[in-house]
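Q: This is the structure alone, sequence omitted:
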């Protein structure tokens with residue numbers, strides 16, 4: 001079963017379609033999805049590590065396998081007709097070189113060993129396979145209290161880590177400027193509910209997002225070098 005965006009429930013549409021996003025947070029989610037979708041567009045068999053509710057799963061028409069440890073979110077993601085498994089990012093239940101693309105969004109900051117998880121991703125990728133990796137930018141998230149994050153990274157720290165794990169960074173980017181990193185902040189409420197403020201925030205993104213972004217997105221390719 002493959003669903004078009006228009007067939008998705010409304011709560012998912014606003015997170016995957018830029019034209020439907022109606023808040024700063026949802027716009028950021030949708031933009032991150034666009035980066036992932038574009039980068040992995042030529043892949044034919046994709047793995048989504050830490051798939052959650054399925055925000056990345058629904059972006060692709062080709063076979064996609066989603067893994068997550070949280071059975072409650074997988075029960076939601078299964079509505080979207082993808083192959084799902086309960087699995088640990090540190091020990092992926094797949095053979096070597098099984099996939100040509102991996103999407104890993106907002107997951108690396110939750111795992112106990114980012115190094116081991118990335119080495120597992122490298123193992124299941126074929127030679128030259130692609131990795132779209134996204135995580136909050138520690139230089140921004142240091143301004144707020146985050147829940148469930150075991151380790152966060154700056155852009156340079158994350159770039160160094162993926163290189164140590166046998167990946168070449170093709171592009172390092174981000175999605176949006178901060179939408180005020182505090183869930184109870186009055187300005188964040190304005191960005192979620194005041195249409196004019198939201199439009200102004202999107203305009204500001206066009207000039208500032210190349211300098212200061214809420215998160216880090218690395219678009220990588222598996223190298224032939226064996227990690228030491």
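A: Thanks, I have it. Here the structure is a predicted model, which means the values were calculated and not measured.
Q: which residues in the protein form strands?
A: Ranges of strands in the chain, per DSSP state E, are 46-49, 64-68, 83-86, 99-105, 125-136, 167-173, 215-222.
Q: among those, which is nearest residue 207?
A: Among the strands of the chain, the nearest to residue 207 by Cβ to Cβ is strand 167-173 (15.3 Å). For the C-beta atoms, the positions are set from N, CA and C on the backbone; glycine is no exception.
Q: one step back: in a markdown table: the strands of the chain, plus mean pLDDT and distance to residue 161.
A: Shown next, in a markdown table, are the strands of the chain (pLDDT from 0 to 100; distance: least, Cβ to Cβ, whole Å):
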| stretch | mean pLDDT | distance to residue 161 |
| --- | --- | --- |
| strand 46-49 | 97 | 15 |
| strand 64-68 | 95 | 20 |
| strand 83-86 | 94 | 25 |
| strand 99-105 | 97 | 12 |
| strand 125-136 | 96 | 10 |
| strand 167-173 | 94 | 9 |
| strand 215-222 | 94 | 9 |
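Q: So, low pLDDT: which residues of this protein?
A: 1-3, 141-147, 179-195, 209-211, 226-228 (pLDDT under 70).
Q: For residue 135, which residues are in contact?
A: Each residue near residue 135 by Cβ atoms under 8 Å, 6 or more residues apart in numbering is listed here: 105, 106, 107, 108, 109, 152, 153, 158, 215, 216.
Q: From residue 208, how far off is it?
A: Distance, residue 135 to residue 208, using Cβ to Cβ, to the nearest Å: 20 Å.
Q: show me the biggest helix of this structure in terms of residues.
A: Ranked by residue count, the top helix of the chain under DSSP state H comes out as helix 24-39.
Q: Pull out the buried positions in that helix.
A: 24-33, 35-37, 39 (16 or more other Cβ atoms under 10 Å).
Q: hmm, back to that, just put the contacts of residue 135 in JSON lines and tack on distance to residue 201.
A: Converted to JSON lines, the contacts of residue 135 look like this (distance: Cβ to Cβ, whole Å):
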{"residue": "105", "distance to residue 201": "22"}
{"residue": "106", "distance to residue 201": "21"}
{"residue": "107", "distance to residue 201": "26"}
{"residue": "108", "distance to residue 201": "27"}
{"residue": "109", "distance to residue 201": "24"}
{"residue": "152", "distance to residue 201": "23"}
{"residue": "153", "distance to residue 201": "25"}
{"residue": "158", "distance to residue 201": "25"}
{"residue": "215", "distance to residue 201": "16"}
{"residue": "216", "distance to residue 201": "20"}
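Q: Excluding chain neighbours, what is closest to residue 162?
A: Counting by Cβ to Cβ, 6 or more residues apart in numbering, residue 220 is the residue found nearest to residue 162 once chain neighbours are left out, at 5.6 Å.
Q: doesn't residue 129 make contact with the one you found?
A: No: Residue 220 is beyond contact range of residue 129, at 9.4 Å (criterion: Cβ atoms under 8 Å).
Q: about what we covered before: of the contacts of residue 135, which is the most crowded?
A: Within the contacts of residue 135, neighbour counts (other Cβ atoms under 10 Å) peak at residue 108, which reaches 28 neighbours.
Q: show me what contacts the closest residue to residue 40 other than its chain neighbours?
A: Sequence neighbours aside, residue 101 is the residue nearest to residue 40 in space, at 4.2 Å (criterion: Cβ to Cβ, 6+ apart). Counting by Cβ under 8 Å, 6+ apart, residue 101 makes contact with 40, 43, 45, 46, 47, 125, 129, 130, 131, 132.
Q: So what's the residue count around the third one?
A: The burial count assigned to residue 45 is 14, neighbours taken as other Cβ under 10 Å.
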